[in-house]
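Peer 1: just coords:
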């Protein structure tokens, strides 16, 4: 492992990230509201920090190894989360502490959508745009974007892509070259964002709101430019468009690429993970809408519209809201929160454990039941007519065990800070699954959580975004041995 090569890459990536300050800075200059200065300062700080990391190591040209990939990926998300907070710290309109600013930055980059900011409707548009831009960049993954850029700088990218994509994705490489793969994913991502923004605009959003909400919809982030989130627009058409694009963005982007290449929608129907994901969403929607109708919480029409939207929003870990689902009756708040543990499909911008892993766990359970009835039978585990290797199943169970261990540990630590059980449970669920809204005192925002709790939740958000192992592997002694 070569630390200097890793620092060189971090420096390059930090310099590239500093360009994200330009659009909000331009908005601030155009509006003349005094919000341009924090972004100009943040651009300078990010650029200088990147140069200081890159300059002493600029001649290091050793190829990356897998451990270097893990180190760069984990460090970059941490470093970016800290430096991405600089505009929030410097902006007079926010008055955020350093911890609050880092929390907001990491929440954006990890597409969690949890916020400590109140009064979004009165904030300068430059700050609102920056929050949405953070989610959009985090959605596709800064590292995956960098894979398409770094080869031009003489830096190999395959190890970074493997570290960023730690989930059980079936189609790691869509094209022979990893650079072309990253470009293909980026093209699909940009295309979906553009179509989503156009649809929002045609449905009645202002151009600014349309672009901002397209950023967070396709990224499955959940940040909004209004305190009332999607409920601000009071439009069934907008909710329908949002629901469609949340589902599309929660599906494996590899399938979008293949479906586009073959000009066939049958690709989705033949994919076991997508089918499983769709059935779970459909059944949850029926349960939610039906309960809202039976309990007369909403009238039938509203029950269908808001029940459908809120189910998809929470299940895909987007986190948009039209109603306060935490106040819905019976089991609905916890049902929706449990759906977030599944999240999106592998290879999507969604959070959670991923539908693929839960599907494998479910099928493994069915297989074990059959094995009990027929002890001598050879019953292979198959997925899409292909046999799943035992090592894959073992890896999925290992991930699930470590995921749950992290969840319980962070929740206990939060309880020790003074949070009640419901708030602590939902806060960790919302952070680790990159969801956003929770229950209890964190139903509206995370401002009531103390600073120690916010730091713990930042760790949870990073663990969830990097799918646990990418970050935890850095804390193993074997990782640092020569």
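Peer 2: Now that the structure is in, tell me what you want to look at. Just so it is clear, the structure is predicted and the values come from calculations on it, not from any experiment.

Peer 1: contacts, neighbours, all on C-alpha from now
Peer 2: Fine.

Peer 1: give me phi/psi at residue 346?
Peer 2: With angles defined as degrees, to the nearest 10, residue 346 sits at phi -60, psi 140.

Peer 1: All further residue positions should be reported with the first residue as 36.
Peer 2: Noted, 36 is the first residue going forward, which turns the last one into residue 381.

Peer 1: That one - how many residues pack around it?
Peer 2: Neighbours of residue 381 under the rule other Cα atoms under 10 Å: 28.

Peer 1: Next, the contact list for residue 135, please.
Peer 2: 151, 486, 489 (Cα atoms under 8 Å, 6 or more residues apart in numbering).

Peer 1: Let's see that with 7 Å instead.
Peer 2: Contacts here follow Cα atoms under 7 Å, 6 or more residues apart in numbering; on that basis residue 135 touches residue 151.

Peer 1: just the one 10 residues further on next, same as before
Peer 2: When the contact criterion is Cα under 7 Å, 6+ apart, the partners of residue 145 are 173, 469, 496-497, 500.

Peer 1: Scan those residues and report the most crowded one.
Peer 2: residue 469 (35 neighbours).

Peer 1: so what's that residue up against?
Peer 2: 145-147, 352, 386-387, 496, 499-500.

Peer 1: related to what we said a few turns ago, with secondary structure and distance to residue 52 added, can I get the contacts of residue 145 in CSV?
Peer 2: Converted to CSV, these look like this (DSSP: H, G, I helix; E, B strand; the rest coil; distance: Cα to Cα, whole Å):
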residue, secondary structure, distance to residue 52
173, helix, 11
469, coil, 22
496, helix, 20
497, helix, 18
500, helix, 18
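
Peer 1: how about these in CSV, adding pLDDT and distance to residue 246?
Peer 2: Putting the contacts of residue 145 into CSV (pLDDT from 0 to 100; distance: Cα to Cα, whole Å) gives the following:
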residue, pLDDT, distance to residue 246
173, 89, 16
469, 92, 22
496, 94, 25
497, 93, 26
500, 87, 24
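
Peer 1: Got the phi and psi for the closest residue to residue 137 other than its chain neighbours?
Peer 2: Using Cα to Cα, 6 or more residues apart in numbering and skipping residues adjacent in sequence, the residue nearest residue 137 is residue 120, 5.0 Å away. Dihedral pair for residue 120: phi -80, psi -10, per degrees, to the nearest 10.

Peer 1: confidence score at residue 120?
Peer 2: On pLDDT, residue 120 comes in at 95.

Peer 1: repeat for the one 5 residues further on
Peer 2: Confidence per residue is given as pLDDT, and for residue 125 that number is 93.

Peer 1: contacts for stretch 326-338?
Peer 2: Residues contacting stretch 326-338 (Cα under 7 Å, 6+ apart): residue 324.

Peer 1: Just the endpoints, please. Distance across it?
Peer 2: One end of stretch 326-338 sits 9 Å from the other (Cα to Cα, to the nearest Å).

Peer 1: quick one: average pLDDT of it?
Peer 2: Stretch 326-338 comes out at a mean pLDDT of 93.

Peer 1: And it, what's buried?
Peer 2: Neighbour-count burial for stretch 326-338 flags 326-328, 333, 338 (criterion: 16 or more other Cα atoms under 10 Å).

Peer 1: same question, stretch 371-385
Peer 2: Buried residues in stretch 371-385 (16+ other Cα under 10 Å): 371-372, 374-385.

Peer 1: Can I get those in CSV including secondary structure and pLDDT?
Peer 2: Listed next are the buried residues of stretch 371-385 as CSV, based on DSSP: H, G, I helix; E, B strand; the rest coil; pLDDT from 0 to 100:
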residue, secondary structure, pLDDT
371, helix, 93
372, helix, 93
374, helix, 93
375, helix, 93
376, helix, 93
377, helix, 93
378, coil, 90
379, coil, 88
380, coil, 87
381, coil, 83
382, coil, 80
383, coil, 85
384, coil, 85
385, coil, 86
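
Peer 1: can the residues you listed go into a markdown table with extra columns for distance to residue 481?
Peer 2: Output for those, formatted as a markdown table (distance: Cα to Cα, whole Å):
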| residue | distance to residue 481 |
| --- | --- |
| 371 | 19 |
| 372 | 16 |
| 374 | 21 |
| 375 | 18 |
| 376 | 20 |
| 377 | 23 |
| 378 | 21 |
| 379 | 23 |
| 380 | 27 |
| 381 | 28 |
| 382 | 28 |
| 383 | 26 |
| 384 | 23 |
| 385 | 21 |
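
Peer 1: List just the nearest of those residues to residue 241.
Peer 2: Nearest to residue 241 out of these is residue 384 (Cα to Cα; 25.1 Å).

Peer 1: Need the per-residue pLDDT for the most centrally placed residue in the chain.
Peer 2: Residue closest to the average C-alpha location in the chain (Cα atoms, centre = their mean): residue 146, at 3.7 Å. Note for residue 146: predicted pLDDT of 91.

Peer 1: what do you get for the one 10 residues further on?
Peer 2: According to the per-residue confidence, residue 156 scores 91 in pLDDT.

Peer 1: repeat for the one 4 residues further on
Peer 2: Looking at residue 160, its pLDDT stands at 92.

Peer 1: who are the neighbours in contact with it?
Peer 2: By Cα under 7 Å, 6+ apart, residue 160 has no neighbours at all.

Peer 1: May I see the buried residues of stretch 434-454?
Peer 2: 434-435, 438, 441-442, 445-447, 449-450, 454.

Peer 1: can you count the residues close to residue 159?
Peer 2: Neighbours around residue 159, by other Cα under 10 Å: 21.

Peer 1: Any figure for the gap between it and residue 270?
Peer 2: From residue 159 over to residue 270 (counting by Cα to Cα), the distance is 24 Å.

Peer 1: so residue 449 is in which element?
Peer 2: helix 425-451 (DSSP states H and E).

Peer 1: Could you identify the helix or strand that succeeds that helix?
Peer 2: helix 456-467.

Peer 1: which helices and strands sit right next to that following helix?
Peer 2: helix 425-451, helix 486-500 (3 or more Cα pairs under 7 Å, 6 or more residues apart in numbering; DSSP states H and E).

Peer 1: chain center to the longest one: distance?
Peer 2: Put plainly, it is helix 425-451. Relative to the centre of its chain, helix 425-451 is centred 18 Å away, using Cα atoms, centre = their mean, to the nearest Å.

Peer 1: For this structure, which element, helix or strand, carries the lowest mean pLDDT?
Peer 2: The weakest-scoring helix or strand in the chain, judged by mean pLDDT, DSSP states H and E, is helix 177-184 (a mean of 48).

Peer 1: so how far is residue 52 from the residue located most distally from the centre of the chain?
Peer 2: Distance from the C-alpha centroid of the chain, by Cα atoms, centre = their mean, peaks at residue 411 (43.7 Å). Separation of residue 411 from residue 52 (Cα to Cα): 58 Å.
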